[in-house]
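Q: with the sequence up front, the predicted model follows.
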Amino acid sequence: MTPIQGVLFDWGDTLFAPPDAAKVIAEAATARGVAISPERAGRIWDELWARGKTPEELAKGRDLSAEAHRTVWTSLFRTAEVHIPGIGGELYDRVMDPVAWTPYPDTAPTLRALKERGLKIGIVSNVPRDLSDIFARHGLAPWVDAFVHSFQVGAEKPDPRIFLAACERLRTEPTSTLMVGDHAVADGGSVAAGLRFHLLPPHEGHGERGLATVVEVVDASRS
């Protein structure tokens, strides 16, 4: 087996946890005089987020520009307005802003461990803005060698072009590069580009994401 020389990470739900969207929904409902329990708010969000990860939504080009991102996501969120009038725009503003997302507790230790092993690290994200300042804000930028964003490449995951662009930036061969993500379709597109792929299991909350398994995969490739 070829030793892994570079690791590419998805951003959202992989290295960073989203805001508590169910809480946002519940607060918005209360402000509008709509009675919604925390459990129901959670179900509403889970349904929206699941729909947002379907091939149909991924195909809408939402991560090729800031305008498309707001338009497509807000349109999806507005389907919840049958429960809470006017929630679409507010949900987008409070949940989809990368500034509101926070690193998982095991994000920094994992990035540090990989850099200590001499690996190159890249971030590959379907996102309409540059994430480098978000990583800098949390002290993570020194461990990242390259940021590859869909809006800059002009291709969204699972398009192989975005993964190949990331390998080119890292100067690693696809066969010696590992892609890590939470989405079997979007992040799994790396396989078609010749990369290896490590799928993280579903996760809820802001506890450890299970990123230590990435270091184990890297070490196994080098043994």
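A: Thanks, I have it.
Q: would you map out the domains in this structure?
A: Split into domains by automatic domain parsing, the chain comes to 6-17+101-222, 21-100.
Q: flag every buried residue along the longest helix anywhere in the chain.
A: The longest helix of the chain (DSSP state H) is helix 38-52. The neighbour-count check on helix 38-52 (16 or more other CB atoms under 10 Å) flags A41, G42, I44, W45, L48 as buried. C-beta: built from backbone N, CA, C; applies to glycine.
Q: so the first one versus Q152, what's the distance?
A: Look at A41 and Q152: by CB to CB, to the nearest Å, they are 35 Å apart.
Q: could you do the second one as well?
A: With distances taken as CB to CB, G42 is found 34 Å from Q152.
Q: could you say which of the domains of the chain is packed most deeply?
A: For these, the largest average neighbour count (mean count of other CB atoms under 10 Å) is found in domain 6-17+101-222, namely a mean of 19.
Q: may I have the helix or strand following the longest helix of the chain exported as CSV, CA atoms only?
A: Note on helix 38-52: by DSSP states H and E, the next helix or strand toward the C-terminus is helix 55-58. The C-alpha trace of helix 55-58 is given here as CSV (Å, rounded to 0.1, in the frame of the first residue of the first chain):
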residue,chain,number,x,y,z
PRO,A,55,-28.2,14.7,-5.0
GLU,A,56,-31.1,16.9,-6.2
GLU,A,57,-30.0,19.8,-3.9
LEU,A,58,-26.3,19.2,-4.5
